[in-house]
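S.K.: Below: sequence and its predicted model.
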Amino acid sequence: MGAAGAGIEIRGTTQIVGVWGWPVRHSASPPMHNAAFAALGMDWAYVPFAVAPERIGEAVAGIRALGLRGVNVTVPLKELVLPFLDALTPRAARLGAVNTILNEEGYLTGDSTDGRGFLAALAESDALPPPGSRAIVLGAGGSARAVIAALRESGVSVTVANRSLERAHELAARFHSASDGPLIEVISLEEAALGRALGREGAVLLVNTTSVGMHPRDAEMPPLPLETLHPDLFVSDLIYNPPQTRLLAAAEARGCRTQNGLSMLVWQ
């Protein structure tokens with residue numbers, strides 16, 4: 001059975017992998033991976049699976065039952081899936097989130113490659129923040145954890161802005177207890193607090209790890225005071241559908257260099 005227009009032939013020998021999310025139809029991972037499999041002559045297929053958060057345990061059981069080789073995991077499942085896995089890599093255990101599940105004969109191991117992908121994407125745009133500088137990260141979910149860990153390991157101070165201060169403080173406490181590094185500042189995800197954070201000396205990077213602005217919510221953007229965006233600020237939005245979110249468009253209009261999430265997806 002061929003996938004229309006994609007040239008994918010599914011046989012009894014085909015190894016199935018995929019991506020889980022809720023929603024997931026926006027994902028660019030399937031065409032990217034399937035093109036790579038075809039170019040390498042691999043009998044593999046990469047499939048998007050829409051997994052409702054409340055069905056995550058059943059989905060994990062399905063990996064074993066159906067013999068999937070593994071899956072990538074995106075929002076909002078990166079943390080919810082942890083209790084159902086057999087093991088975590090040290091990196092994933094530190095973060096408390098995964099973006100990859102590997103199936104080795106029914107033994108499921110979770111890993112996170114988000115952080116190294118994020119730094120590689122910044123390097124590609126010559127936008128790695130120098131040690132001692134500050135980054136403002138919007139959100140406190142699984143992607144935020146990976147981004148924050150990578151930045152702190154690079155000597156960058158981090159301010160986390162989140163709607164739930166309790167969740168952001170829990171994230172900060174997890175890092176402070178697990179490793180050395182600059183203390184994480186926690187602020188509310190609202191205009192006044194973000195304006196103060198962006199106006200501080202050394203603030204050179206703004207990262208949106210939330211789903212605000214992702215299709216089909218294209219018209220939305222985080223509550224930023226746009227007048228605080230300046231040309232010395234690099235703005236990264238982990239969303240890649242649409243390719244230019246309202247946040248990135250507003251940042252470019254203020255003279256900022258920007259990057260969407262596609263490069264991170266490729267590098268991770």
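M.R.: Sure, I can see it. Treat the numbers as computed from the prediction; the structure is a model and nothing was measured.
S.K.: so what secondary structure elements neighbour the biggest helix by length in the chain?
M.R.: Longest helix of the chain, by residue count under DSSP state H: helix 165-178. Using 3 or more C-beta pairs under 8 Å, 6 or more residues apart in numbering; DSSP states H and E, the elements in contact with helix 165-178 are helix 142-153, strand 157-162, strand 185-188. All C-beta spots, glycine's among them, are computed from the backbone N, C-alpha and C.
S.K.: Need the ones you listed in CSV (columns: mean pLDDT and mean neighbour count).
M.R.: Converted to CSV, these look like this (pLDDT from 0 to 100; neighbours: other C-beta atoms under 10 Å):
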stretch, mean pLDDT, mean neighbour count
helix 142-153, 94, 25
strand 157-162, 97, 24
strand 185-188, 97, 17
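S.K.: any low-confidence regions in the protein?
M.R.: Scanning the chain for pLDDT under 70 picks out the ranges 1-7, 178-180.
S.K.: the helices in it, which residues?
M.R.: With DSSP H, the ranges of helices along the chain come out as 29-40, 56-66, 90-95, 114-124, 142-153, 165-178, 191-198, 246-253, 262-267.
S.K.: and Ile184, how many neighbours does it have?
M.R.: Ile184 is flanked by 21 other residues according to other C-beta atoms under 10 Å.
S.K.: need the contact list for it.
M.R.: For Ile184, the contacting residues are Ile148, Arg152, Val158, Thr159, Val160, Leu171, Ala172, Phe175, His176, taking C-beta atoms under 8 Å, 6 or more residues apart in numbering as the criterion.
S.K.: Pipe those into JSON lines and attach distance to Leu66 per row.
M.R.: As requested, those are exported to JSON lines (distance: C-beta to C-beta, whole Å):
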{"residue": "Ile148", "distance to Leu66": "34"}
{"residue": "Arg152", "distance to Leu66": "38"}
{"residue": "Val158", "distance to Leu66": "39"}
{"residue": "Thr159", "distance to Leu66": "43"}
{"residue": "Val160", "distance to Leu66": "38"}
{"residue": "Leu171", "distance to Leu66": "34"}
{"residue": "Ala172", "distance to Leu66": "39"}
{"residue": "Phe175", "distance to Leu66": "36"}
{"residue": "His176", "distance to Leu66": "41"}
